[in-house]
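Engineer: Need a 3D model of the sequence below.
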Amino acid sequence: MAEFTMPSLGADMDEGTLVEWLVGPGDLVRRGDPVAVVETAKSTIEVECFDTGTMTKLLVEPGTTVAVGTPLALIGPAGERRPAPHAPKKGEPSEPVEPRTPPEPPSPPPEPAPVPASPAARPPGHVDAGPLVRHLAEQSDVDLGTLHGSGPGGRVTRTDVEHAAAARTGAGPPRARVTPLARRLAAELGVDLATVRGTGRQSAVRASDVRRAAPGPSAPPASTAPGPPSAARPAEDRAAAMRRAIAGLMSRANRDIPHYHLSTTVDMAAATDWLHEHNRRSPIGERLLPAALLLKAAALAAREVPELNGFWADDHFTAGEGVHLGVAVSLRGGGLVAPALRHADTLALPRLMNALKDLVTRARTGRLRGSEVSGATITVTDLGDQGVETVFGVIHPPQVALVGFGRVTDRPCAVDGLLGVRPVVTATLSADHRATDGAVGSRYLTAVARLLQKPEHL
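Structural biologist: Coordinates of the predicted model:
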């Protein structure tokens, strides 16, 4: 049996607060599925599961703050049922007392999808359905022969049977799943759950869905009942906690990392002309911002100069497996996070632009996932939209480099012996002298400048 533990979601994280479970005992979970929402000093993050199996027992209730590495739940083999409830022994954490709604039997492991036979090959009256679906149909008094299967090759699924049973009894479609915290918040905020569109697994309604649907302020009123800090803690307290976390990490980075800094001025005339032409020919939804070109150039340069793309730990450098570009995002309530655009060097510009918009939106609404906040191999901070022309950043450990871009601005400069006015941007590099030196950093900035001269190849 595997343990699902409080993960480390950054070098500055020592503990986290479990805000909400997105699954319950008996649910089948797969590696990569979001199973819980955790609040750190910087953000609220969806945490993914690292094992595949059945969630057999929840060990920590929402609202509890625990150290990194503390077991939060137990995961058994796929198909294992939830153990019978028992009175917890002294010192043993109890399961959440609030039942999941609506109650339903544990989901069986998915059946392997057989290659559907052609209709001509099936005997007359044959219904393509698995044994579990047939058992459910028998329990629900549903005639499988009357159903049109929605699965591959017309296979009848569990959902088909449930909808048929609901239609026969006049009960309407099956109710959407609702997490316990979402149900409690809905009662406090006066939200009709029937009107809320769920964004969780299998369209489950989550606490964040209820808050978005609530009229007026999104935070529920203060209550004497225990609840997650994110629902009751004042915004100014969270902002102060974030500032403390950032201060601690940056102080440690400045103290422990021997920084060196380089800068160069990049001619953006070719990039700007290409960008204008691309946007003129593209629909509004596919237009690009200069940030897309800068980020792609930074990612490709990191692939060319892998000595700057990775981590310093245990007194040696480890290269990153892929270029996962951390993007510094300022939050509306103050502070910042730097989630990762994974494999940014492989993304086409339109896809990178869409991924960037999505990442920024979710960062500012507290919907980042754990893999996005802990996997960056090199970070970029772009303050051009703030009017800044030059930025020298502080490296985010255990990374070994941070790239900075300022505002694209018109400056007089000499080109081919003639003086003219051209758009330029200042690119900077802050790097760890333990891992590299100025020669390596210079190669990186030179690569960035060269890539931006041929934007059609980005």
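Engineer: Could you pull out the strands in the stretch 351-458 of the chain for me?
Structural biologist: 368-369, 378-382, 401-405, 409-415, 418-432 (DSSP state E, counting those that start in this stretch).
Engineer: Show me the one of those that comes nearest V337.
Structural biologist: Closest to V337 of the strands of the stretch 351-458 of the chain is strand 368-369 (C-beta to C-beta; 7.1 Å). C-beta coordinates here come from the backbone N, C-alpha and C atoms, glycine included.
Engineer: Give me the average confidence score over the closest one.
Structural biologist: Strand 368-369 shows a mean pLDDT of 87.
Engineer: Which elements pack onto it?
Structural biologist: The contact analysis (3 or more C-beta pairs under 8 Å, 6 or more residues apart in numbering; DSSP states H and E) places strand 368-369 against strand 44-48.
Engineer: Contacts made by the strand it packs on with the rest, please.
Structural biologist: If you take C-beta atoms under 8 Å, 6 or more residues apart in numbering as the criterion, strand 44-48 is touched by 7, 9, 19, 22, 31-39, 230, 366-371, 373.
Engineer: Could you pick out the buried ones from those residues?
Structural biologist: Neighbour counting by 16 or more other C-beta atoms under 10 Å classes 7, 9, 19, 22, 33-39, 230, 366-371, 373 among these as buried.
Engineer: who does the most centrally placed residue in the chain bridge with?
Structural biologist: In the chain, the centroid-proximal residue (C-alpha atoms, centre = their mean) is R369; its distance is 2.6 Å. Beta-bridge pairing for R369 (DSSP bridges): E46.
Engineer: To which secondary structure element is the nearest residue in space to F4 that is not next to it in sequence assigned?
Structural biologist: Spatial nearest neighbour of F4, excluding adjacent residues (C-beta to C-beta, 6 or more residues apart in numbering): A73 at 4.3 Å. Using DSSP states H and E, A73 maps to strand 71-76.
Engineer: For V373, see how far away D51 is.
Structural biologist: Separation of D51 from V373 (C-beta to C-beta, to the nearest Å): 20 Å.
Engineer: just G24 next, same as before
Structural biologist: 25 Å.
Engineer: how far does the helix or strand encompassing V19 sit from the chain's center?
Structural biologist: For V19, the element it lies in under DSSP H and E is strand 15-21. Distance of strand 15-21 from the chain centroid (C-alpha atoms, centre = their mean, to the nearest Å) equals 15 Å.
Engineer: same thing with stretch 37-50?
Structural biologist: With C-alpha atoms, centre = their mean as the basis, stretch 37-50 stands 9 Å off its chain's centre.
Engineer: Convert the C-alpha atoms of it to PDB, please.
Structural biologist: These are the backbone C-alpha positions of stretch 37-50, laid out as PDB (Å, rounded to 0.1, in the frame of the first residue of the first chain):
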ATOM      1  CA  VAL A  37      -5.800  21.200  -3.000                       C
ATOM      2  CA  VAL A  38      -2.900  22.400  -0.800                       C
ATOM      3  CA  GLU A  39      -2.200  26.000   0.300                       C
ATOM      4  CA  THR A  40       1.400  27.100   0.700                       C
ATOM      5  CA  ALA A  41       2.700  30.400   1.800                       C
ATOM      6  CA  LYS A  42       2.700  31.500  -1.800                       C
ATOM      7  CA  SER A  43      -0.300  30.000  -3.500                       C
ATOM      8  CA  THR A  44      -3.100  27.400  -3.500                       C
ATOM      9  CA  ILE A  45      -2.100  24.400  -5.600                       C
ATOM     10  CA  GLU A  46      -3.700  21.300  -7.000                       C
ATOM     11  CA  VAL A  47      -1.600  18.300  -6.000                       C
ATOM     12  CA  GLU A  48      -1.300  15.300  -8.300                       C
ATOM     13  CA  CYS A  49      -1.100  11.700  -7.300                       C
ATOM     14  CA  PHE A  50       2.200   9.800  -8.000                       C
END
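Engineer: Quick check: mean pLDDT of that stretch?
Structural biologist: 85.
Engineer: buried ones in it?
Structural biologist: Within stretch 37-50, the residues scored as buried using 16+ other C-beta under 10 Å are 37-50.
Engineer: which among those gets closest to D141?
Structural biologist: After measuring the buried residues of stretch 37-50 against D141 - C-beta to C-beta - the closest member comes out as C49, at 36.2 Å.
Engineer: how close does that closest one get to W274?
Structural biologist: In this view, C49 and W274 are 43 Å apart by C-beta to C-beta.
Engineer: what do you get for V327?
Structural biologist: V327 sits at a distance of 22 Å from W274 (criterion: C-beta to C-beta).
Engineer: Neighbour count: those two, which is higher?
Structural biologist: Per other C-beta atoms under 10 Å, whichever of V327 and W274 has more neighbours is V327, with 24 against 17.
Engineer: After the lowest-mean-pLDDT helix or strand in the chain, which helix or strand is next?
Structural biologist: Using mean pLDDT, DSSP states H and E, helix 229-232 stands out as the lowest-scoring helix or strand of the chain, at a mean of 42. Next helix or strand after helix 229-232 toward the C-terminus (DSSP H and E): helix 235-256.
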